[in-house]
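In: need a 3D model of the following:
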Amino acid sequence: MLENTQEQKTGHNLTLTRLFETFPEIEQTAKKKYRELRKKSEEMNAACETRLKELLPMEPEQLELASYTIWLPWQTIEKEKKYWERIIKMFEFKRRPPGDDTITDNDILKAKEVPISHFIEVNRAGFAKCPFHNEKTGSFKVYPQDNRWHCFGMCYNGGDVIDLVCKLNNLTFLEAVKLLINK
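Out: I've put the predicted structure just below:
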């Protein structure tokens, strides 16, 4: 979105990669912010678990509401932490400019945001039947907050949406990313 808006205003093709090259201090700022949020997240997670243990004698309905309000601030920190983590990853990819056969770091990040539920039918609890082995009940757990999956059944596989598409369709990493972003 930033790229298109900037290109329309100035007539220049300003990619995120070029923006990062112009302002290399963004990388250090992102790493510092990520470390701060990771530490805060760990502290909040421990405090939330302690508080929840205190509330365990409550009725199930009350406990569900209480756990939601306890974990909500922690989830907000986690979302912000993931934002800065994505910025850091953009610096780490060091990919060449887009061409006919290449993908960019933004393409990979876009592909990782495609929900796993587009490929596997997931129940309300986040479980599905694993597509890699036969089973009667679902052992394939989908974690929508970070768009990852893990099979607790026979195959014990796991990964992100790109790994899933690679395994389901017998594709390479590049082919899976291109399929996910329709490139």
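
In: can we go C-alpha only for contacts and neighbour counts from here?
Out: Fine.

In: which residues of this protein fall in helices?
Out: Using DSSP state H, the helices of the chain run over 2-10, 16-22, 25-55, 60-93, 105-112, 161-169, 173-180.

In: can you count the residues close to residue 111?
Out: 20 (other CA atoms under 10 Å).

In: residue 153 now?
Out: 18.

In: and the nearest residue to it once chain neighbours are set aside, what does it touch?
Out: Using CA to CA, 6 or more residues apart in numbering and skipping the chain neighbours, the partner closest in space to residue 153 is residue 139 (5.3 Å). For residue 139, the contact set (CA atoms under 8 Å, 6 or more residues apart in numbering) comprises 127, 128, 129, 130, 151, 152, 153.

In: what's the closest non-adjacent residue to the first one?
Out: Among residues not flanking residue 127 along the chain, residue 141 sits closest, at 4.5 Å (CA to CA, 6+ apart).

In: residues near that neighbour, how many?
Out: Close neighbours of residue 141, defined as other CA under 10 Å, add up to 21.

In: run through the bridge partners of it.
Out: Residue 141 has these beta-bridge partners by DSSP bridges: residue 127, residue 150.

In: distance of it from residue 61?
Out: Residue 141 is 24 Å from residue 61, where distance means CA to CA, to the nearest Å.

In: local confidence estimate at residue 135?
Out: You'll see residue 135 listed with a pLDDT of 86.

In: is it correct that it is in contact with residue 129?
Out: Yes: with contact defined as CA atoms under 8 Å, residue 135 reaches residue 129; the gap is 6.6 Å.

In: list the buried ones in stretch 119-134?
Out: The neighbour-count check on stretch 119-134 (16 or more other CA atoms under 10 Å) flags 120, 122, 126, 127, 128, 129, 130 as buried.

In: in the protein, what spans have low per-residue confidence?
Out: 1-17, 19, 63, 67, 92-101 (pLDDT under 70).

In: report the central residue of it.
Out: residue 146 (3.7 Å; CA atoms, centre = their mean).

In: now do the phi/psi pair for that residue.
Out: Main-chain dihedrals, residue 146, degrees, to the nearest 10: phi -120, psi 10.
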